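Asks: Just need the structure, nothing else, for what follows:
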Amino acid sequence: MHLHSQLAVIGGGPAGLRAAEVAASAGLQVTLYDGKPSVGRKLLVAGKGGLNLTHGESLDRFVSRYSGPDQPAEIWEKLLAGFDPAALRGWAADLGVETFQATSGRVYPRALKAAPLLRRWIERLRGLGVRFEMNHRLISLAPSRRLGFENGHTADADAVILALGGGSWAKTGSDGAWTSIFETHGIAHHPLAPANCGWEHEWSPEVLAAAEGKPLKNLHVRAGEMTAIGELMVTRYGLEGGAIYQLGATLRAMPEPAIAIDFKPTFTHEQLVAKMQSVRRDFLNEARTRWKLSEPAHAILSQKTWPDADSLAREVKNCVIPLARPRPLDEAISSAGGVCWSEIDNALMLKKLPGIFLAGEMIDWEAPTGGYLMQGCFATGTRAASSAVAWLGRT
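Replies: Alright, predicted model coming up:
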């Protein structure tokens, strides 16, 4: 089978679906290809956590959440200007999906599910004339924009948007296999690496017995020059949680990765010592009540003996935990690495392959959990599609 369309979108995740929507709304004839039998598979996985669409914090703070090597100055200000968090909430409302902002600032659909939103989105795309070609896994891409698929089909397009995802959750379709296609064209990319993932540390059996699966709340966690505020969870292999997710890029760059936990950030060292004035022995057990140390914190601190309140308070304010390695990429929520920013222009078009645009996690950026990943996919999908529309208008 051979198809021709004005715009081919490869990849049916949030970035690809959004790109198809923007382009079809502008009047382009769009065909969306995906390697799986249906679109939106990672979106449905995200829906199990309530589908965190975006975040309600100020835009200047929001912009600062995105990082990546050699990222152009102010690129995220520009990308989010084209489709910001308010626009994303408005888009959901237009689909009949009401959203709300939780106390954390995270924004979710009222139903806390992805399936109703995805169903309405696909209906809208069909209504706009988007053609869906499932079970089309891209294996080759020519500069002429001829596409080759694993099922033997080929297609030509006047413009192409690639939204093939990063490398996490491979079973949903984002397996990073596109990197070999890019190598044949000499397009530079950084290897895909786990981001927003747990890190490994070997706990003693005693710590695991007391702390596994229990949250450590209201922490300040430091790695190098970076500090994250949030929670951690002790797991059989090490640590998970929002605080360590935020520090992933810093930890990956450290020759010997380690974090330093402040279990009691609202108290100074001196204040903690003062609360133990009358204590002469059994400092750690006294600290459980006087400092309100949680069970997992107590377990971690019980690996040493504490001769006085001063040394224990120092450890409570600066408990260093060496880390072995991040958890495997397929367990990660998202991935770092991808196509270098130097390979694309501000329109998100590949400089070496005119008429081919990128969107979503294929590009070398990362962000913490909290709605930033989803917003990034929508914003880059919007930019790639509007750029493709403009490029086709010029050619």
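
Asks: Determine the longest helix present in this structure.
Replies: If each helix of the chain is counted by residues according to DSSP state H, the longest one is helix 372-394.

Asks: In CSV, list the C-alpha atoms belonging to it.
Replies: Written as CSV, here are the backbone C-alpha positions of helix 372-394 (Å, rounded to 0.1, in the frame of the first residue of the first chain):
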residue,chain,number,x,y,z
TYR,A,372,5.4,19.8,32.8
LEU,A,373,6.0,16.7,30.6
MET,A,374,2.5,16.8,29.2
GLN,A,375,2.6,20.5,28.7
GLY,A,376,5.9,20.2,26.9
CYS,A,377,4.5,17.7,24.5
PHE,A,378,1.4,19.8,23.7
ALA,A,379,3.6,23.0,23.3
THR,A,380,6.1,21.3,20.9
GLY,A,381,3.3,19.6,19.0
THR,A,382,1.6,22.9,18.5
ARG,A,383,4.8,24.6,17.4
ALA,A,384,5.8,21.8,15.0
ALA,A,385,2.3,21.8,13.4
SER,A,386,2.0,25.5,13.0
SER,A,387,5.6,25.5,11.5
ALA,A,388,4.7,22.8,9.1
VAL,A,389,1.6,24.7,8.0
ALA,A,390,3.7,27.9,7.4
TRP,A,391,6.4,25.9,5.6
LEU,A,392,3.9,24.3,3.2
GLY,A,393,2.3,27.7,2.6
ARG,A,394,5.7,28.9,1.5
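
Asks: What residues of that helix count as buried?
Replies: Of all the residues in helix 372-394, those buried under the rule 16 or more other CB atoms under 10 Å are 372-389, 391-392. The way it works is simple: take the backbone N, C-alpha and C, and place the C-beta from them, glycine included.

Asks: One more: stretch 292-307?
Replies: Buried, per 16+ other CB under 10 Å, within stretch 292-307: 293, 294, 296, 297, 298, 299, 300, 301, 302, 306.

Asks: Repeat that for stretch 162-176.
Replies: In stretch 162-176, counting by 16+ other CB under 10 Å, buried: 162-169, 172-176.

Asks: where along the stretch 151-300 of the chain do the strands fall?
Replies: For the stretch 151-300 of the chain, the strands defined by DSSP state E, counting those that start in this stretch cover 154-162, 189-195, 199-200, 215-223, 226-235, 238-240, 258-262.

Asks: Which one of the buried residues of stretch 162-176 is nearest to residue 199?
Replies: Nearest to residue 199, judged by CB to CB, of the buried residues of stretch 162-176 is residue 168 at 15.2 Å.

Asks: got a list of what that closest one touches?
Replies: 174, 194, 195, 329, 330, 331, 332, 333, 334, 335 (CB atoms under 8 Å, 6 or more residues apart in numbering).

Asks: again, but for residue 13
Replies: Residue 13 neighbours (CB under 8 Å, 6+ apart): 39, 40, 41, 42, 43, 163, 165, 173, 174, 360, 377.
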